[in-house]
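Participant: below are the sequence and a predicted model for it; my questions follow.
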Amino acid sequence: MDSTSSSRYGETYARWRDDPSAFWGEAAKKIDWTTPATQVFAPDAGVYGRWFEGAVGNTCFNAVDRHVASGRADQVAIIYDSPVTSSKRTLTYAELKHDVATLAAVLQDLGVKKGDRVLVYMPMVPEALVGMLACARIGAIHSVVFGGFAAKELATRIEDAEPKVILAASCGIEPNRVVPYKPLLDLAISMSAVKPEHCVVLQRPQGPATLAEGRDIDWAQACAAASAAGKAAPCVDVAATDPLYILYTSGTTGKPKGVVRDSGGHMVALTWTMENLYGIKPGEVFWAASDIGWVVGHSYIVYAPLLAGCTTLVYEGKPVGTPDPGAFWRVIEEHKVVALFTAPTALRAIKKEDPECAYKKGHDLSHFRTLFLAGERADPDTVQWAETQLGVPVVDHWWQTETGWAIAANPVGLGLLPVKLGSPTVPMPGYDVQIVDEAAKPVPAGTMGSIVIKLPLPPGCLPTLWQQDERFKESYLVDYPGFYKTADAGFMDDDGYVFVMGRTDDIINVAGHRLSTGGMEEVIASHPDVAECAVIGVKDSLKGEVPCGFVVLKAGERRAPEVIEKELVGLVRDRIGPVAAFKLAVTVNRLPKTRSGKILRGTMKKIADHDAWSIPATIDDPVVLEEIEGILKDRGIG
């Protein structure tokens, strides 16, 4: 690492490593507690220890009420920008407190009490955040399920969480269609052995729903009546180790895996990141272009910005098509956004439609400081494109639903470290990241292996799975005793930089050589005609597996796809070598993705291998898989 760097990272990481309890105890002073912790870390509690044992407080109080009391009552807390409905509005901290306390009183009147679960099934509207905060206010545990999620998958989550009440919207709005949520919700409830006592439904004018008599309640009417009666629920004290929410990991089969987030550690960790990782000050506008259905939405649309006294932006739209590839630049300019957090796939979508960033021209982005990327591997070509077009630091960082915040990053607030393309930079305080082989032995710098994190995990990470301690141990702790298994593969260099090359099942074995599909994707993405790509291993009787690359070409590309495919084969051969045995490049119109932007490589591999496959519940557009299957058949692959 560059010893001349002015970053305080090295000193900060060393301070954590030397005394983790003192480090996190100091960070906890940024939180208003009813009762401080008696023990910062209790090693004998829970599965691997618990943070802030004995502490009592409330997340909603820290995210809303304290800012009203400290002079931010009239500051905007939430900006809502919805190009799909042509509407915008704002909520100040005072207005947010009123709306949250009112809905919380409605929930209490419906019998919801501390420890009860409330399922949230809503689109990107301010009421979704109000619903989550209302649960936190009264100590109820919320579980957000992505709006529009299939009824069968929604039913499994209802059965697992056993919610007393469901908060829902009548519909969601996509660029070209209205998605009725209520029929999906009704079907899910009919399929579930567990029935909620009530559903509180936000009626949207684009698609009102029919309410079931006795069970369903009109959101606006209930809140208006409660407000007129002067009802406002106070914040309920909860233990730092009590659950704040359950979030089900995507792509689960059978009994879903509900990641538990505890209340106290979550507040401490997220508050620390806003200042030290993201470099955001209270009062500034922070935009995470995600969805509340995903962990990024929980952490950085809802909780972290509000805990830090910032303004958070709720965007109901897409990076392209609502109305054009300049959507993000319009939002940044109009709302004075200082930092944007999005997935690399969003940038690739913009780059595909507008390679020269012509739609950015005329937008004043002078106040915009930083672009953050996460959710999947950020290929160097996309990072360099964004740096060139935006002229600001592009910060890749790596984390998981399970961790709730970044494992590795380049900490803007501590001073940026030198960038190494392809790396999310260095482990954050709290994470002792190591690379090990299949026997759990450390491997030398630069050697590919499994990425693990030494226990205990830091505050904010999952303490367990919802009512499944044994499954938690089996899934994450058994394979590498004393460590948390990330299920990601990669290496660390001599400077301690982490390189995440893909999931461990994305490492393919070609004639005995372990090769990273991420490394091949990096090479393919560097080709000037490629917008995005994915590489999978396809079964081969001779070599075990051979790589196959799927590529999406940039808009306006006129050269024959087969010419570009030959160039890509040559490029991988030149950069990685004949050992890669890369001979298959296939041009496709689109790549199959989840709604959060992750490419469904596992399903693509099953199709290519002629294995049984099904449409994943999290897929954005199922038609893409049928297109892929047809193209593979035409090419005789598999």
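Facilitator: Arrived safely, thanks for sending.

Participant: contacting residues around the closest residue to residue 455 other than its chain neighbours?
Facilitator: Nearest non-adjacent residue to residue 455, counting by Cβ to Cβ, 6 or more residues apart in numbering: residue 48, 4.8 Å away. Heads up, the C-betas are built off the backbone N, CA and C, glycines and all. Residues near residue 48 by Cβ atoms under 8 Å, 6 or more residues apart in numbering: 455, 456, 457, 463, 477.

Participant: so how far is residue 622 from residue 614?
Facilitator: Using Cβ to Cβ, to the nearest Å, one gets 10 Å for the distance from residue 614 to residue 622.

Participant: distance between the helix or strand hosting residue 395 and the chain's centre?
Facilitator: In the assignment (DSSP states H and E), residue 395 maps to strand 394-396. Relative to the centre of its chain, strand 394-396 is centred 15 Å away, using Cα atoms, centre = their mean, to the nearest Å.

Participant: helices or strands next to it in the packing?
Facilitator: Helices and strands touching strand 394-396, by 3 or more Cβ pairs under 8 Å, 6 or more residues apart in numbering; DSSP states H and E, are strand 370-373, helix 380-390.

Participant: quick one: the contacts of residue 48 as CSV, columns for secondary structure, pLDDT and neighbour count too.
Facilitator: Shown next, in CSV, are the contacts of residue 48 (DSSP: H, G, I helix; E, B strand; the rest coil; pLDDT from 0 to 100; neighbours: other Cβ atoms under 10 Å):
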residue, secondary structure, pLDDT, neighbour count
455, coil, 98, 17
456, coil, 98, 21
457, coil, 98, 24
463, coil, 98, 23
477, helix, 97, 16
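
Participant: closest one of those residues to residue 636?
Facilitator: Within these, proximity to residue 636 (Cβ to Cβ) peaks at residue 477, which comes in at 43.7 Å.

Participant: hmm, the closest one is touching residue 486, no?
Facilitator: No: with contact defined as Cβ atoms under 8 Å, residue 477 does not reach residue 486; the gap is 11.8 Å.

Participant: now do the same contact list for the residue lying closest to residue 25 once chain neighbours are set aside.
Facilitator: With Cβ to Cβ, 6+ apart as the criterion, residue 25 has its nearest non-adjacent residue at 4.4 Å, and that residue is residue 40. Taking Cβ under 8 Å, 6+ apart, we find residue 40 in contact with 21, 22, 24, 25, 28, 51, 52, 53.

Participant: so which of the residues you listed sit within helices?
Facilitator: Those of the contacts of residue 40 mapping onto helices are 21, 22, 24, 25, per DSSP state H.

Participant: pLDDT weak spots in this structure?
Facilitator: Counting by pLDDT under 70, the ranges of the chain that qualify are 1-5, 250-254, 504-507, 511-514, 557-558, 638.

Participant: domain map for it?
Facilitator: Taking automatic domain parsing as the reference, the chain has its domains at 14-416+428-490, 505-635.

Participant: tell me the most buried of those domains?
Facilitator: domain 14-416+428-490 (a mean of 20; mean count of other Cβ atoms under 10 Å).

Participant: ok so, going back, what is the nearest of the contacts of residue 40 to residue 236?
Facilitator: residue 52 (17.4 Å).

Participant: surely the closest one touches residue 238?
Facilitator: No: assessed by Cβ under 8 Å, residue 52 is found out of contact with residue 238, at 11.7 Å.

Participant: mind listing the helices for the stretch 151-300 of the chain?
Facilitator: 151-161, 182-191, 219-228, 263-276, 295-297 (DSSP state H, counting those that start in this stretch).

Participant: isn't residue 243 up against residue 264?
Facilitator: No: with contact defined as Cβ under 8 Å, residue 243 does not count as touching residue 264 (10.9 Å).

Participant: starting at the chain centroid, how far to the helix ranked longest in the chain?
Facilitator: Once the chain is assigned using DSSP H, the helix that runs over the most residues is helix 93-109. With Cα atoms, centre = their mean as the basis, helix 93-109 stands 26 Å off its chain's centre.

Participant: could you find the closest non-adjacent residue to the residue nearest the centre of the chain?
Facilitator: For the chain, the residue sitting closest to the mean C-alpha position, by Cα atoms, centre = their mean, is residue 296 at 3.3 Å. In space, residue 296 comes closest to residue 290 once its chain neighbours are excluded; the distance is 3.9 Å by Cβ to Cβ, 6+ apart.

Participant: swap in residue 152?
Facilitator: residue 191 (6.6 Å).

Participant: so what's the one you found up against?
Facilitator: Contacts of residue 191 (Cβ under 8 Å, 6+ apart): 151, 152, 155.

Participant: would it be right to say that residue 616 lies in a strand?
Facilitator: No: in this structure, residue 616 is coil, not part of a strand, as judged by DSSP: H, G, I helix; E, B strand; the rest coil.

Participant: next one: it from residue 427, what distance?
Facilitator: Residue 616 is 31 Å from residue 427, by Cβ to Cβ.

Participant: now swap in residue 160 and tell me
Facilitator: Distance from residue 160 to residue 427, by Cβ to Cβ: 32 Å.

Participant: alpha carbons only: can I get the helix or strand harbouring residue 569 in CSV?
Facilitator: According to DSSP H and E, residue 569 maps onto helix 561-575. Extracted in CSV, the C-alpha atoms of helix 561-575 (Å, rounded to 0.1, in the frame of the first residue of the first chain):
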residue,chain,number,x,y,z
PRO,A,561,-21.4,-10.4,-34.1
GLU,A,562,-19.4,-13.4,-35.3
VAL,A,563,-16.5,-11.1,-36.1
ILE,A,564,-16.6,-9.7,-32.6
GLU,A,565,-16.9,-13.2,-31.1
LYS,A,566,-13.7,-14.3,-32.8
GLU,A,567,-11.9,-11.2,-31.5
LEU,A,568,-13.0,-12.1,-28.0
VAL,A,569,-11.7,-15.6,-28.2
GLY,A,570,-8.4,-14.2,-29.3
LEU,A,571,-8.4,-11.6,-26.6
VAL,A,572,-8.9,-14.2,-23.8
ARG,A,573,-6.2,-16.4,-25.4
ASP,A,574,-3.8,-13.5,-25.5
ARG,A,575,-4.5,-12.2,-21.9
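
Participant: chain center to the helix or strand just after that helix: distance?
Facilitator: For helix 561-575, the following helix or strand on the C-terminal side (DSSP H and E) is strand 584-587. Offset of strand 584-587 from its chain centre (Cα atoms, centre = their mean): 30 Å.
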